[in-house]
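A.B. asks: have a look at this prediction, sequence included:
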Amino acid sequence: MRSARPGRLRLGDRVRFEKSTYTVVALTGMRVRLADVHGTGMLVDQVHLQGAEDFAVLGTAERATPGSAALLDHLPEEAAKRALWWQHHLIEILTGLPPDAPAGALPRPEYDPARRSLAERERAKAAELAARGEEVSARTVKRKRQRYEAGGVAAVADRRLAPHASLLGRADPRVVAAMRQAIAESVPASTRTIEYARWRTGRILAAEHGEDVVEMPSRATFYRLFAKLSGGIPVTGSARTRQSLANQPEGPFRYEQVAAPGELMQIDSTPLDVLVRLDEGVPGRVELCGLVDVATRTIAAAVVRPTTKSVDASLLLARALTPEPMRLGWSDALRMSRSVLPHRRLLSLDERLEHAAAQPVIIPETIVCDRGKAFISENFRAACRTLEINFQPCHPRSPAEKPHIERTLESVATMFCQFLPGYLGRTAEHRGRNVEDEPLWSMLEIQELLDEWLIAKWQNRPHDGLRDPGSPGRTFTPNQKYASLLESVGYVPLALTGDD
């Protein structure tokens, strides 16, 4: 069978070549891309193709735009029209003639493959479309042409306008609603398996719609839906993590911005991850109670106690408001501690005096705390009223409302506690063996070292949360941030000395 137009192939023609049948899927200059019935393609020179002994055109393409409507049924009408519009111009670039050219027509000079290279034809098409008011560059034409050759007309359609499949596929909305309820019920409950959630979903559907009214999905389908619906919620994991995530605020959460030292401070206590030698000589755990300033990240005070009580929280305020060198008998106690501490000092005595004098003394305006008994007690409230401090408790089980002290106490564990003998780790899973047999320190010795570490290390360590507004790449230390905030209002603090 002879082609309707001898010597010229068109998109969609079926040809015989090397004892196989192929379809012409693309034409680029004098080259032809063929695809067999399995979709395997090859690029052949047109002269070599038509010169083959067994070459023959077995069927010609229709005059209409080849293979268009069925490929674009899923697109909106406007997007489909735009894709067909691009196909019309791309075929002219590839073959020299548009798909609706009459028989015997000759290519326009700027699109003749025998005279112009492919790049020249792309630039000519970009200029033609730009003259018609289309904002199209030669680079865009080339990209569209490459997509068309690789995937046909569907590849040049605007995918942003295509309808997207639902995340849950074709799942029954009633089953999805029941699964969401089962997942929500698991938040405060003990951890169970997915099989329990599957059983619970069936019970919810039976209670709401009747027995066997709603068909349950297969086990494999249920597991896939469960993984999608429970994303981010450890339903079958740690109950503590699941409940902590559920207590987080919904939607974007941003803590109040503070601009001055003491404007907002946070207080909390936590078990110290260190085993100490108690007064009775037996090993035991103690608690760390700390007060942090949000504006400067200064730890205004931190005390170690067997158990945090209301009087300890009140004394923490007094400790924060009194500079170390001004405490009664502090210098003498400091010298005496030099002979009893079971460690090499971080600082010499003179350096300790210097750093202690530079430690900021911050008067709180507002203190945020959780609802622990030591903080909501009348004793602590009375201390806040006496010092004219605004007392602001958090909502129940809402650690996200005081994130700075939570993270600060965690940093103390990783930066201080793990370097001490008797370190236990944050949980029992991280605890070593025979920790109680190590040379443990007393509570007073750990308190002394903690005070020294705070003024020597913590206050002089650059903090990622303290960025310099004038130089975003630079971070302040708590002491530097404190001085910067005071200088911004025109106040330069006088340095205290050990004799003040």
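C.D. replies: Thanks, I have the structure now.

A.B. asks: use CA for all of it now, contacts and neighbours both
C.D. replies: Fine.

A.B. asks: where exactly do the strands run in the stretch 151-300 of the chain?
C.D. replies: 265-271, 276-277, 283-284, 287-293, 299-305 (DSSP state E, counting those that start in this stretch).

A.B. asks: list the buried residues of whichever helix or strand comes after the last one.
C.D. replies: I take that to be strand 299-305. Moving toward the C-terminus from strand 299-305, the next helix or strand (DSSP states H and E) is helix 310-321. Within helix 310-321, the residues scored as buried using 16 or more other Cα atoms under 10 Å are 310, 312-314, 316-317, 319-321.

A.B. asks: got it, and stretch 179-187?
C.D. replies: Applying 16+ other Cα under 10 Å to stretch 179-187 flags 179-180, 182-183, 186-187 as buried.

A.B. asks: how far off centre is it?
C.D. replies: A distance of 24 Å separates the centroid of the chain from that of stretch 179-187, by Cα atoms, centre = their mean, to the nearest Å.

A.B. asks: the stretch 401-500 of the chain: strands as residue ranges?
C.D. replies: 467-468, 471-475.

A.B. asks: and those: which comes nearest residue 275?
C.D. replies: For residue 275, the closest of these is strand 471-475, at 34.3 Å, according to Cα to Cα.

A.B. asks: run a quick neighbour tally on residue 295.
C.D. replies: 21 (other Cα atoms under 10 Å).

A.B. asks: does residue 9 sit in a helix, a strand or a coil?
C.D. replies: coil (DSSP: H, G, I helix; E, B strand; the rest coil).

A.B. asks: if you count contacts, what does the longest helix seen in the chain end up packed against?
C.D. replies: With secondary structure taken from DSSP state H, the chain has its longest helix at helix 77-95. Applying 3 or more Cα pairs under 8 Å, 6 or more residues apart in numbering; DSSP states H and E, we find helix 77-95 packed against strand 20-28, helix 118-131, helix 138-151.

A.B. asks: just the CA trace of that helix, in CSV.
C.D. replies: Provided in CSV are the C-alpha atoms of helix 77-95 (Å, rounded to 0.1, in the frame of the first residue of the first chain):
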residue,chain,number,x,y,z
GLU,A,77,-12.4,22.6,28.6
GLU,A,78,-10.1,25.6,28.5
ALA,A,79,-7.1,23.6,29.5
ALA,A,80,-7.9,21.0,26.8
LYS,A,81,-8.3,23.7,24.1
ARG,A,82,-4.9,25.2,25.2
ALA,A,83,-3.2,21.8,24.8
LEU,A,84,-4.6,21.3,21.4
TRP,A,85,-3.6,24.8,20.4
TRP,A,86,0.0,24.0,21.4
GLN,A,87,-0.1,20.7,19.5
HIS,A,88,-1.1,22.5,16.3
HIS,A,89,2.0,24.8,16.5
LEU,A,90,4.3,22.1,17.6
ILE,A,91,3.5,19.8,14.7
GLU,A,92,4.3,22.6,12.3
ILE,A,93,7.7,23.1,14.0
LEU,A,94,8.4,19.3,13.8
THR,A,95,7.1,18.6,10.3
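
A.B. asks: now it: buried residues?
C.D. replies: For helix 77-95, by 16+ other Cα under 10 Å, it's 79-80, 83-84, 86-95.

A.B. asks: same deal with stretch 372-392?
C.D. replies: Buried residues in stretch 372-392 (16+ other Cα under 10 Å): 374-376, 379-381, 383-384, 389-391.

A.B. asks: can you list the buried residues in stretch 461-472?
C.D. replies: Buried residues in stretch 461-472 (16+ other Cα under 10 Å): 461-463, 466-467.

A.B. asks: save those as CSV, and put in pLDDT and distance to residue 43 too.
C.D. replies: Formatted as CSV, the buried residues of stretch 461-472 follow (pLDDT from 0 to 100; distance: Cα to Cα, whole Å):
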residue, pLDDT, distance to residue 43
461, 88, 65
462, 89, 62
463, 84, 61
466, 85, 61
467, 79, 59
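
A.B. asks: which of those lies closest to residue 198?
C.D. replies: residue 463 (47.4 Å).

A.B. asks: next up, the contacts around the closest one.
C.D. replies: Going by Cα atoms under 8 Å, 6 or more residues apart in numbering, residue 463 touches 297, 475-478.

A.B. asks: now swap in residue 423 and tell me
C.D. replies: Contacts for residue 423 were tallied using Cα under 8 Å, 6+ apart; they are 273-275, 417, 435.

A.B. asks: let's have these in JSON lines, adding pLDDT, neighbour count and distance to residue 263.
C.D. replies: Formatted as JSON lines, the contacts of residue 423 follow (pLDDT from 0 to 100; neighbours: other Cα atoms under 10 Å; distance: Cα to Cα, whole Å):
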{"residue": "273", "pLDDT": "89", "neighbour count": "24", "distance to residue 263": "30"}
{"residue": "274", "pLDDT": "91", "neighbour count": "25", "distance to residue 263": "32"}
{"residue": "275", "pLDDT": "91", "neighbour count": "25", "distance to residue 263": "35"}
{"residue": "417", "pLDDT": "89", "neighbour count": "21", "distance to residue 263": "29"}
{"residue": "435", "pLDDT": "87", "neighbour count": "16", "distance to residue 263": "42"}
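
A.B. asks: so which pair among the residues you listed is furthest apart in space?
C.D. replies: Among the contacts of residue 423, 417 and 435 lie farthest apart (Cα to Cα), at 13.7 Å.

A.B. asks: find the centremost residue of this protein, please.
C.D. replies: residue 232 (11.7 Å; Cα atoms, centre = their mean).

A.B. asks: mind pulling up the pLDDT for that one?
C.D. replies: What the model reports as pLDDT for residue 232 is 74.

A.B. asks: below-threshold pLDDT in the stretch 51-200 of the chain: ranges please.
C.D. replies: 59-74, 150-151, 161-167, 169 (pLDDT under 70).

A.B. asks: check the separation of the first and last residues in stretch 369-384.
C.D. replies: 12 Å (Cα to Cα, to the nearest Å).

A.B. asks: before we move on, the earlier item: residue 105: which of the buried residues of helix 310-321 is nearest?
C.D. replies: Closest to residue 105, out of all of those and judged by Cα to Cα, is residue 320, at 93.6 Å.

A.B. asks: from what I see, that closest one and residue 361 are in contact.
C.D. replies: Yes. Proximity of residue 320 to residue 361 meets the contact threshold set by Cα atoms under 8 Å, at 6.7 Å.

A.B. asks: list the residues that contact both of these two?
C.D. replies: residue 300.

A.B. asks: now residue 180. Nearest residue, chain neighbours left out?
C.D. replies: Closest residue to residue 180 apart from its sequence neighbours, by Cα to Cα, 6 or more residues apart in numbering: residue 229 at 6.9 Å.

A.B. asks: neighbours around the nearest residue in space to residue 108 that is not next to it in sequence, how many?
C.D. replies: Sequence neighbours aside, residue 96 is the residue nearest to residue 108 in space, at 7.1 Å (criterion: Cα to Cα, 6+ apart). By other Cα under 10 Å, the residues close to residue 96 number 25.

A.B. asks: list the ones among the contacts of residue 463 that fall in helices.
C.D. replies: Per DSSP H, the subset of those in helices is residue 478.

A.B. asks: got the phi and psi for residue 238?
C.D. replies: phi -70, psi 130 (degrees, to the nearest 10).

A.B. asks: picking that back up, show me what contacts the residue nearest to residue 108?
C.D. replies: Contacts of residue 96 by Cα under 8 Å, 6+ apart are 107-108, 111-113.

A.B. asks: so how far is residue 130 from it?
C.D. replies: 19 Å.

A.B. asks: cool, residue 220 as well?
C.D. replies: 54 Å.

A.B. asks: which of these two has more neighbours?
C.D. replies: A direct count of neighbours by other Cα under 10 Å for residue 220 and residue 130 places residue 130 higher, at 14 against 9.

A.B. asks: can you tell me the SS state at the nearest residue to that one once chain neighbours are set aside?
C.D. replies: Excluding the flanking residues, the one nearest residue 130 by Cα to Cα, 6+ apart is residue 136, at 6.1 Å. Using three-state DSSP, the structure places residue 136 in coil.
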